[in-house]
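Engineer: pasting a predicted model and its sequence here:
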Amino acid sequence: MNNYLATEYLGLKLPHPIVLGASPLVNSLEQVRAIEDAGAAALVMHSLFEEQVLADEAGVQAHVTSHGEAFAEAPSYFPAATDYALGPDDYLEQIRKIKEIVSMPVIGSLNGRTQGGWIDFARDIEAAGADALELNLYFQPTEVEMTSTEIETEAVEIVRAVRGHTQLPLAVKLSPYFTALPAFVRAIHDAGADGVVLFNRFYQPDIDIEELDTLPSLRLSNSSELLLRLRWLAILHGRMPLSLSCSGGVHTVEDVIKAIMAGADSVQMVSRMLREGPAIIPGMLQSLQTWMEEHEYASLAQMKGSLSYRNTPHPEAIERANYLKILQSWKP
Ligand SMILES: Cc1cc2nc3c(=O)[nH]c(=O)nc-3n(C[C@H](O)[C@H](O)[C@H](O)COP(=O)(O)O)c2cc1C
């Protein structure tokens, strides 16, 4: 493939923007080969979790204590160390094996929410041969005493700690639920992140009204989830020297084009890959190239951020104006 679709993400030069996002597909080397053969630009490992590392090191009690949950049944909420597809050592070994069979960049993934020894794994993931690291700060606050400042300060300190453990390019995968996301992203950047991944998906359990229980549901995404990402990509693009990756709701080539126009340097796909497998990638790349040629784009770089707020002096005013216009547009 020529350089027409080339992009740069976390300092990695990629032939095109379509990356396999964090998913269990990487547990199988056969799948990994299929992903490489299909021509993915890079792959993200599924996460190594803070709770998993703690459970592995010190038994289940350790991570319960770390989360301050003193009640007796708490251990049953977490998977046992043996429930994870790959233990911490196996995880590092899987990175080594994957690096042996692919030429695309491999991005490790650490997932946690408190400062602690699990962060040492950033160094191990680098030693195992990963080309970059994604840090997922998935956290759902429930304590009324915990303020947004405390949550953000802890998150920034985790980024700083991870930065202190590795030279790898570092992306932070965020939730959309921060009050002042641009300021928070700047703080993460100042703490040493090279990029952000927008966004985590929150798995929202339903309630079983007969059994009086919650029903955890793993629902794959659709393209409607892209809209939230487009807004924040457009707001953040070009505001600071930071790579942007879009995760969530990228299913079609039109979704890819929208994410790039909003300002993404790469797009991560998971749900569609889980449903249909990586064999969809060549067709998507062909359609992307054809669409861009028909619309006379000289390169992907020319298209990138073309619909962002980069050159808009007052994005807040535009957001507010659009909000008012939309409300007024409804006719009975
Ligand atoms: C089965 C499954 C496993 C996932 N595992 C991880 C993971 O280990 N770490 C992570 O950061 N995200 C994980 N994700 C989230 C995806 O990387 C991605 O952010 C999310 O699915 C949104 O992208 P999509 O709309 O293309 O599915 C997982 C998603 C699914 C469906």
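Structural biologist: Done, it's in. Numbering: from 1, shown residues only.
Engineer: CA only for contacts and neighbour counts going forward, please
Structural biologist: OK.
Engineer: is stretch 244-251 in proximity to the ligand?
Structural biologist: Yes. Judged by C-alpha under 6 Å from any ligand atom, stretch 244-251 comes into contact with the ligand through Ser247, Gly248, Gly249, Val250.
Engineer: which SS class is Arg239?
Structural biologist: When classified by DSSP: H, G, I helix; E, B strand; the rest coil, Arg239 comes out as coil.
Engineer: if we can go back for a sec, now the buried members of the residues of stretch 244-251 next to the ligand.
Structural biologist: Ser247, Gly248, Gly249, Val250 (16 or more other C-alpha atoms under 10 Å).
Engineer: residues touching the closest residue to Val162 other than its chain neighbours, list them.
Structural biologist: The spatial neighbour of Val162 that comes closest, neighbours along the chain excluded (C-alpha to C-alpha, 6 or more residues apart in numbering), is Ile119 at 5.9 Å. Shown in contact with Ile119 (C-alpha atoms under 8 Å, 6 or more residues apart in numbering): Leu110, Ala161, Val162, His165.
Engineer: quick check: residues of this protein near the ligand?
Structural biologist: Near the ligand, when you scan the chain using C-alpha under 6 Å from any ligand atom, you find 21-24, 46-47, 136, 200-201, 220-221, 247-250, 269-271.
Engineer: PyMOL command for the buried members of the residues you listed?
Structural biologist: In PyMOL, this line selects whichever of the residues of the chain next to the ligand come out buried by 16+ other C-alpha under 10 Å:
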select buried, resi 21+22+23+46+47+136+200+201+221+247+248+249+250+269+270+271
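Engineer: sort out for me which of the residues of the chain next to the ligand are in helices.
Structural biologist: Using DSSP state H, the members of these that fall in helices are Ser271.
Engineer: from the residues of the chain next to the ligand, which ones fall inside strands?
Structural biologist: Among the residues of the chain next to the ligand, DSSP state E puts Asn136, Ser247, Met269 in strands.
Engineer: so how far is Leu12 from the second one?
Structural biologist: Between Ser247 and Leu12 the distance, using C-alpha to C-alpha, to the nearest Å, works out to 18 Å.
Engineer: likewise for the last one?
Structural biologist: If you measure Met269 against Leu12 using C-alpha to C-alpha, the figure is 18 Å.
Engineer: if we can go back for a sec, how about TSV for the residues of stretch 244-251 next to the ligand, with pLDDT added?
Structural biologist: Compiled in TSV, these are given as follows (pLDDT from 0 to 100):
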residue	pLDDT
Ser247	98
Gly248	97
Gly249	97
Val250	98
